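[1] Coordinates for the following, if possible.
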Amino acid sequence: MSTSAPAAVTAAGVVSPAYLARAHEQGIRAEIAHHLYVAGAQTDPVTQEQACLVEYAAPELLAAPAALAELERRLADAHPEAGELLLRAPGDIALPAPWRPSISYVRHTGSATQAPELPAGLGIEAAAPEHDALIAGWLARAIADGYGQASGNSPSTELIEAAAAEVLDAPDRVSFLLTRDGRPVGHASVLTEARDEVTGTEYIDLFDLLVEESDVVRPGTTALVAACAALAAERRRPLFGNVVHDGTGPDSGARVVASLQERGWLLDHRFWRRPRPEEETSV
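    Sure, this is the predicted structure:
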């Protein structure tokens, strides 16, 4: 892992020179029409499914239909084991069908202000070890829901619980609880040492936020985000969250992203997915 300074501050279209140098050394950097891309095989850590991931593609490549179609053909030829293609693109680039949004990463752009005033009975507090079992259950639910939304199929309970335990046990995990009359009714869990290898940006990863009781979702969510934003300001790192898109029906994730943008979040970058191309490309 490089300790070089990032090429720019969380600019989704800017790539770290150190990252490109490593990709060249690993033999996964290539060009189409003089436009760079970095791609390789990926095994999903939870489902163990095989895919091909384009970690970086120059925006000029993605904006040119013929170049994008050539990229799809190359990836299909180079990765016959891949069931689908995944591609990271800046937030202001939309790919044509059959590509579909998979996960959107949004960056909090608001300032860390004083904690909002909460309705009577609600409070925010730091989670303690005795809350681990509760938080593990919430994390497992988020992971299961995410995979179910993206593909329509959830991994086994054992794999989901293992993935949740990995987040729970991460040394940089910090969790805040939303309480109601002393009872935990929601949480926000962040990873404070996250790093975007493509841009070189170190950031706070808002892995999951959940409010259980529907009548306090809005004030509870606002307060939990404020706690995370304050932590990010204290650590002098940007705060990122993610939204999973529905891969099997109407895309509810698009509505969530739009709502977040209205509240001051910026769509930084997005992962797209499409089935492995046999004959059909996006052109």
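
[2] Three-state assignment for Ala67, please.
    helix (DSSP: H, G, I helix; E, B strand; the rest coil).

[3] Low-confidence bits of the stretch 1-150 of the chain, can you list those?
    Low-confidence segments of the stretch 1-150 of the chain (pLDDT under 70): 1-13, 111-114, 149-150.

[4] At which residues are the helices of it located?
    For the stretch 1-150 of the chain, the helices defined by DSSP state H, counting those that start in this stretch occupy 17-26, 59-62, 65-78, 132-151.

[5] From what I see, Ile135 and Ser175 are in contact.
    Yes - at 5.4 Å, Ile135 counts as touching Ser175 under the criterion of CB atoms under 8 Å. C-beta coordinates here come from the backbone N, C-alpha and C atoms, glycine included.

[6] list residues touching both of these two?
    Ala127, His187, Ser189 (CB atoms under 8 Å, 6 or more residues apart in numbering).

[7] Not counting residues beside it along the chain, what's closest to the last one?
    Using CB to CB, 6 or more residues apart in numbering and skipping the chain neighbours, the partner closest in space to Ser189 is Ser175 (4.4 Å).

[8] Just the angle for the helix or strand where Tyr203 lies relative to helix 132-151, thanks.
    Tyr203 is part of strand 201-211, with elements assigned from DSSP states H and E. Relative orientation of strand 201-211 versus helix 132-151 (axes from the mean of the first three to the mean of the last three CA atoms, to 10 degrees): 100 degrees.

[9] Now for Glu72, how many residues are close by?
    23 (other CB atoms under 10 Å).

[10] Quick check: phi and psi at the residue nearest the centre of the chain.
    Taking CA atoms, centre = their mean as the criterion, Asn242 is the residue nearest the geometric centre of the chain, at 4.2 Å. In terms of degrees, to the nearest 10, the main-chain angles of Asn242 are phi -140, psi 150.

[11] and if you look at Ala232?
    Torsion angles, degrees, to the nearest 10, at Ala232: phi -60, psi -40.

[12] Give me the nearest residue to Ala39, chain neighbours excluded.
    Val54 is the one closest to Ala39 (CB to CB, 6+ apart), at 4.5 Å.

[13] again but with Glu161, I slipped
    Going by CB to CB, 6+ apart, Glu161 has Ala140 as its nearest residue, at 5.6 Å.

[14] packing partners for the longest strand anywhere in the chain?
    Looking across the chain with DSSP state E, the single longest strand is strand 183-196. Counting contacts by 3 or more CB pairs under 8 Å, 6 or more residues apart in numbering; DSSP states H and E, strand 183-196 packs against helix 132-151, strand 173-180, strand 201-211, helix 217-235.

[15] how close does the residue nearest to Ser189 sit to Leu209?
    10 Å (CB to CB, to the nearest Å).

[16] what residues do these two have in common as contacts?
    In contact with both Ser175 and Leu209: His187, Ala188, Ser189, using CB under 8 Å, 6+ apart.

[17] and Glu197, which of the helices of the stretch 1-150 of the chain is closest to it?
    Across the helices of the stretch 1-150 of the chain, Glu197 has its closest neighbour in helix 17-26 (5.7 Å, CB to CB).

[18] how far off strand 183-196 does that closest one point, in degrees?
    Relative orientation of helix 17-26 and strand 183-196, computed by the same axes, to 10 degrees: 70 degrees.

[19] Ser189: what's it in contact with?
    Ser189 touches Ile135, Trp138, Leu139, Val167, Arg173, Val174, Ser175, Phe176, Leu206, Phe207, Asp208, Leu209, counting by CB under 8 Å, 6+ apart.
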